[in-house]
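**Q** Provided below are the primary sequence and the corresponding predicted coordinates.
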Amino acid sequence: MPASTPVYLDNAASTALIPAAAEAMAVAWSQPGNASSLHGSGRRARRILEESRESIARDLGARPSEVIMTSGGTESDNLAVKGIYAARHREDPRRRKVIISAIEHHAVLDPAQWLADEADAELVVLPVDDRGQVRVDALRDVLEADADTVALISVMWVNNEVGSCQPVTDVAALGAQHGVPVHSDAISAAGHVPVDFAASGLAAMSVAGHKFGGPQGSGALLLRRDVNCVPLLHGGGHERDLRSGTQDVPAAAGMAAALRAAVEHLDEHRSHVTRLRDRLVDVVTAVGGSRVNGALGAGGDAAPGIAHVSFDGCEGDSLLMLLDAKGIECSTGSACTAGVAAASHVLLAMGFDTATARGSLRFSLAPDNDDDDVNAVAEVIGEVVERARAAGVLSGAGARTGGGR
């Protein structure tokens, strides 16, 4: 029988709104006011917005003037990738290369591909190793060969599917050495691992509030003042003239409150979530024909809350629906590609065969998960995998050798 309350293990897709964020948003919603208006209500809204900006900057190691409020991670990534490319290519038409890793979220992959298709860009995709970590030596080779033609480098901080942490500071240092700005999609990192924008050496960094207990529809692009960027939206010149549009003050307040709580309790939360993750890994890998993927499985540097597991002879979608019927909610990868019957580009880039890539699940935990949640998985995972394998045999999948934010 399914649990009366679902066991939610899809926090990499979206976390629950924490009470502090809801309270901050309620305060901002309690009175009308446009942050650009000059009267009292406008000044009140502006004060909340700027205090939120200052709080976000403090918690991410940035200056307040470097925090550009957006509607979320996808907008932040698009503004960075398209905007910095446009500025650099306009300054020097030779700068046509956009370098990204093979495991980027589609919010980076797709705008980069759009630039290649529509804006004269040349896309360079860096390989990753079998742990899902970018090959820095490959980046070095590209830059040493012809750095003058590179407009932008974008490498994520933490991979959203397998949880592998990337060598962002090494990438940023290489970019600085060759005069190339580096952007990082830190959407799966902020609030989960230590993040310091200034210390990282990055030129730009994207975050999203709903990944760490804030509201959906909130986000920010951190952009150094010395980095030129062409806006995607034109209008009233809000947010350093880079993101026109009336600012969503309640969303900014909620995101700031959630980030403050996440950073204040980071060590405590990481310890708790890591312990649960390790228990969960033990539970699911007790099933025969399973393996843990990414840096976690290889003993490398992995984010605390993500456990990515492949099951031989299974379809991920079958596993997902069978678990859902038992009251366990997880995912087969990025929520942004949910429902798409295709193997994960992340796993394929890591060297997985298509069958194994399609037979994988991502479990992602948050501080509000507990041992009872892991116990619930333990009670059903063996039966679920057995049924999924039986379904695969009946459909002909059993002849195969193997088992996307």
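**A** Looks like it arrived, so ask away. A quick note: this is a predicted structure, and the numbers were derived from the prediction, not measured.
**Q** In this structure residue 82 contacts residue 118, no?
**A** No: Residue 82 is beyond contact range of residue 118, at 9.9 Å (criterion: Cβ atoms under 8 Å). All C-beta spots, glycine's among them, are computed from the backbone N, C-alpha and C.
**Q** When these two are compared, which one has more neighbours?
**A** With neighbours defined as other Cβ atoms under 10 Å, residue 82 and residue 118 compare such that residue 82 has more, 23 against 9.
**Q** Tell me how far the helix or strand of the chain with the lowest mean pLDDT lies from the chain's centre.
**A** Here the helix or strand of the chain ranked lowest by mean pLDDT, DSSP states H and E is helix 294-297, holding a mean of 88. Relative to the centre of its chain, helix 294-297 is centred 17 Å away, using Cα atoms, centre = their mean, to the nearest Å.
**Q** What of stretch 89-103?
**A** For stretch 89-103 - counting by Cα atoms, centre = their mean - the centre lies 22 Å from the chain centre.
**Q** Check which element follows the least confident helix or strand of the chain along the chain.
**A** Using DSSP states H and E, the next helix or strand after helix 294-297 towards the C-terminus is strand 306-311.
**Q** pLDDT averaged over the very next helix or strand once past that following strand, what's the number?
**A** Using DSSP H and E, the helix or strand that follows strand 306-311 in sequence is helix 316-325. Averaging pLDDT along helix 316-325 gives 96.
**Q** ok, residues contacting helix 316-325?
**A** Defining contact as Cβ atoms under 8 Å, 6 or more residues apart in numbering, one finds that helix 316-325 is touched by 2, 311, 329-333, 341, 358-361, 380-381, 384-385, 387-388, 391-392.
**Q** Parallel or antiparallel, which strands does the next helix-or-strand element following it pair with?
**A** With elements assigned by DSSP H and E, the helix or strand that comes after helix 316-325 is strand 328-329. According to DSSP bridges, strand 328-329 forms sheet pairs with strand 7-8 (parallel).
**Q** Would you mark the buried spots in the longest helix belonging to the chain?
**A** As assigned by DSSP state H, the longest helix anywhere in the chain is helix 371-395. Buried residues in helix 371-395, counted by 16 or more other Cβ atoms under 10 Å: 373-374, 376-377, 380-381, 384-385, 388-389, 391-392.
**Q** now do stretch 103-123
**A** By neighbour count with 16+ other Cβ under 10 Å, stretch 103-123 contains the buried residues 103-113, 115-116, 121, 123.
**Q** Keep only those of those that are in strands.
**A** If you go by DSSP state E, these have residue 123 in strands.
**Q** What is the most widely separated pair among the buried residues of stretch 103-123?
**A** Using Cβ to Cβ, these span at most 19.6 Å, a distance reached by 103 and 121.
**Q** SS state for residue 68?
**A** Judged by DSSP: H, G, I helix; E, B strand; the rest coil, the three-state class of residue 68 is strand.
**Q** is it true that it touches residue 223?
**A** Yes: here residue 68 reaches residue 223: they are 5.7 Å apart, a contact under Cβ under 8 Å.
**Q** what's the overlap in contacts for these two?
**A** Both residue 68 and residue 223 are contacted by 240, 242, under the criterion Cβ under 8 Å, 6+ apart.
**Q** of those two, who's got more company?
**A** residue 223 (30 against 24).
**Q** just checking, that one touches residue 203?
**A** Yes: applying Cβ under 8 Å, one finds residue 223 in contact with residue 203, separated by 7.4 Å.
**Q** From residue 70, how far out is residue 209?
**A** Distance of residue 209 to residue 70, computed by Cβ to Cβ, to the nearest Å: 10 Å.
**Q** residues shared between the contacts of the two?
**A** residue 219.
**Q** so where is the stretch 1-150 of the chain shaky, pLDDT-wise?
**A** 1-3 (pLDDT under 70).
**Q** residue boundaries of the helices in it?
**A** 19-29, 40-60, 73-91, 106-118, 136-146 (DSSP state H, counting those that start in this stretch).
**Q** Go through the ones you listed and pick out the most buried.
**A** Here the criterion is mean neighbour count by mean count of other Cβ atoms under 10 Å, and of those the winner is helix 73-91, at a mean of 23.
**Q** Pull the distance from that helix to the chain's centre.
**A** Counting by Cα atoms, centre = their mean, helix 73-91 is centred 18 Å from the centre of its parent chain.
**Q** for it, packing partners?
**A** Counting contacts by 3 or more Cβ pairs under 8 Å, 6 or more residues apart in numbering; DSSP states H and E, helix 73-91 packs against strand 67-70, helix 106-118, strand 150-154, strand 182-185, strand 204-208, strand 219-223.
**Q** Name the strands paired with the last one and say parallel or antiparallel.
**A** As defined by DSSP bridges, the strand partners of strand 219-223 come to strand 67-70 (antiparallel), strand 204-208 (antiparallel).
**Q** per the record, what domains does the protein have?
**A** Per automatic domain parsing, the structural domains of the chain span 7-16+266-399, 19-263.
**Q** Give me the pLDDT for residue 392.
**A** On the pLDDT scale, residue 392 is placed at 71.
**Q** State the distance from residue 64 to residue 9.
**A** 36 Å.
**Q** Same question for residue 344.
**A** To residue 9, residue 344 is 18 Å away according to Cβ to Cβ.
**Q** How about residue 123?
**A** Taking Cβ to Cβ, one finds residue 123 at 34 Å from residue 9.
**Q** again, but for residue 48
**A** With Cβ to Cβ as the criterion, residue 48 and residue 9 are 34 Å apart.
**Q** Check residue 72 too.
**A** 22 Å.
**Q** How about residue 265?
**A** As judged by Cβ to Cβ, residue 265 and residue 9 stand 20 Å apart.
**Q** Look at these two and report which has more neighbours.
**A** Set side by side, residue 265 and residue 9 show more neighbours around residue 9, with 26 against 13, by other Cβ under 10 Å.
**Q** Now do the same contact list for that one.
**A** 280, 328-330, 363-365, 369, 373, 377.
**Q** if you set the cut-off to 6 Å instead, what comes out?
**A** Going by Cβ atoms under 6 Å, 6 or more residues apart in numbering, residue 9 touches 330, 363.
**Q** Kindly report the same for residue 211.
**A** Per Cβ under 6 Å, 6+ apart, neighbours of residue 211: residue 187.
**Q** what does residue 60 give?
**A** Contacts for residue 60 (Cβ under 6 Å, 6+ apart) come out as 195, 197.
**Q** Kindly report the same for the one 3 residues further on.
**A** Residue 63 makes contact with residue 57, according to Cβ under 6 Å, 6+ apart.
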